[in-house]
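In: Sequence first, then the predicted structure:
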Amino acid sequence: MAKIIGKALPDMPWEDKPEGCTEPVWRYSKNPIINRFGNKRSNSVFNSAVVPFEDGYAGVFRCDSRSISMDLFAGRSENALDWKISDEPIVFEDDCDPEVLRKEYRYDARITPIEDRYYITWCNGYHGPTIGVGWTKDFKTFHQLENAYLPYNRNGVLFPRKINGMYMMMSRPSDTGHTPFGDIYVSQSPDMEFWGRHRFMMGTVPGNTSAWQATKIGAGPTPIETDEGWLLIYHGVLNTCNGFVYRMGVAILDIDEPWKVKHRSADYIMAPWELYECVGDVPNVVFPCATLQDANTGRIAIYYGCADTVTGIAFTTVDELVNFAKEHDMNK
């Protein structure tokens with residue numbers, strides 16, 4: 001049996017696997033947990049991140065407005081299901097050059113607790129999309145650091161601790177638009193400001209081997225540390241005759257050199273099947289951005305954007321994902 005390296009979280013949301021279900025991931029029966037009207041001006045709430053915080057949970061949410069501006073908003077919850085999201089976007093304090101604080105757009109946040117801070121990474125508009133980095137300790141005051149990379153880049157996801165004395169982050173170099181390509185790289189930093197030592201981690205899968213991830217891939221939630229390696233849930237995209245379709249996959253990465261992939265699933269673990277995942281502002285999307293996990297039971301809850309419109313939650317376990325990655329390993 002695989003083991004999560006981390007803390008117990010006995011009160012996290014959970015539903016047992018339905019009788020007769022053969023899938024490695026199953027949906028919450030009351031999805032979506034956040035509808036498109038999450039705050040006073042929102043057109044949609046999706047691709048957001050949550051973490052345990054104090055006696056409940058905190059999050060950073062993508063709320064696209066009714067003018068279709070993209071921004072980040074803080075939220076709190078007692079049970080990680082019912083969320084109160086601020087009506088005002090996050091304002092970052094001036095910890096960096098004021099040039100970096102100029103705001104074009106902000107979206108698709110991840111939150112990664114490291115030591116005494118909650119680091120936030122997001123797609124930040126600076127002459128094109130790049131990776132913004134900030135931190136908070138209380139989800140009231142937020143501090144912005146330098147952008148991690150040159151434009152164009154998306155899906156910046158930190159590892160939850162230093163590895164060999166270095167911070168590490170995954171990202172996907174991209175272009176200005178709806179990127180029709182994309183591989184995942186790992187970069188290293190001694191200080192969360194200067195990023196280098198870029199290493200290729202894994203790429204798209206051309207041809208018919210694993211077509212659901214043939215167009216582009218991107219890191220999803222913060223990787224989960226296990227005794228088998230880093231457990232990574234990621235998204236893969238196929239360009240079909242009806243447009244892009246986003247699905248989820250799973251990989252296991254080397255614990256000390258996470259750009260080395262030990263196992264990677266040829267089959268997807270979750271696809272847009274339900275109406276709220278197939279119908280919305282961008283149809284046919286399941287986009288994972290956060291997990292909650294309980295080290296004692298191995299339970300995992302995945303928070304994901306549905307059709308770029310609402311937010312859903314799904315459940316699995318560390319054993320389900322590790323076994324699936326090994327059984328369906330595309331390198332077998």
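Out: Sure thing, it's come through.
In: Can you list the residue ranges for strands in the stretch 1-150 of the chain?
Out: 26-27, 42-53, 56-65, 70-77, 84-85, 92-93, 106-114, 117-125, 129-136, 142-144 (DSSP state E, counting those that start in this stretch).
In: Run through the neighbouring helices and strands of the fifth one.
Out: Spelled out, it's strand 84-85. Judged by 3 or more C-beta pairs under 8 Å, 6 or more residues apart in numbering; DSSP states H and E, strand 84-85 is in contact with strand 56-65, strand 70-77. For glycine as for every other residue, the C-beta is placed from the backbone atoms N, C-alpha and C.
In: Just read off the phi/psi values of the residue most central in space within the chain.
Out: For the chain, the residue nearest the mean C-alpha position is Cys289 (2.3 Å; C-alpha atoms, centre = their mean). When read as degrees, to the nearest 10, the backbone of Cys289 gives phi -130, psi -10.
In: residue contacts, it?
Out: 47-49, 108-110, 220-221, 303-305 (C-beta atoms under 8 Å, 6 or more residues apart in numbering).
In: ok so, going back, in TSV: the helices and strands packed on strand 84-85, plus mean neighbour count.
Out: Below are the helices and strands packed on strand 84-85 laid out as TSV (neighbours: other C-beta atoms under 10 Å):
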stretch	mean neighbour count
strand 56-65	23
strand 70-77	20
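In: who wins for proximity to Ile269 among these?
Out: With C-beta to C-beta, the closest approach to Ile269 among the helices and strands packed on strand 84-85 belongs to strand 56-65: 22.5 Å.
In: Could you give the bridge partners of the closest residue to Arg41 other than its chain neighbours?
Out: Excluding the flanking residues, the one nearest Arg41 by C-beta to C-beta, 6 or more residues apart in numbering is Ser65, at 4.7 Å. Per DSSP bridges, the residues bridged to Ser65 are Ser42.
In: Tyr119 now?
Out: Beta-bridge partners, per DSSP bridges, of Tyr119: Thr112, Trp135.
In: again with Cys123
Out: Judged by DSSP bridges, the bridge partners of Cys123 are Tyr107, Ile131.
In: Gly196 against Ser187, yeah?
Out: Yes - in terms of C-beta atoms under 8 Å, Gly196 counts as a neighbour of Ser187; the distance is 6.6 Å.
In: between these two, which one's more packed in?
Out: Set Gly196 next to Ser187 and count neighbours by other C-beta atoms under 10 Å: Ser187 wins out with 22 against 9.
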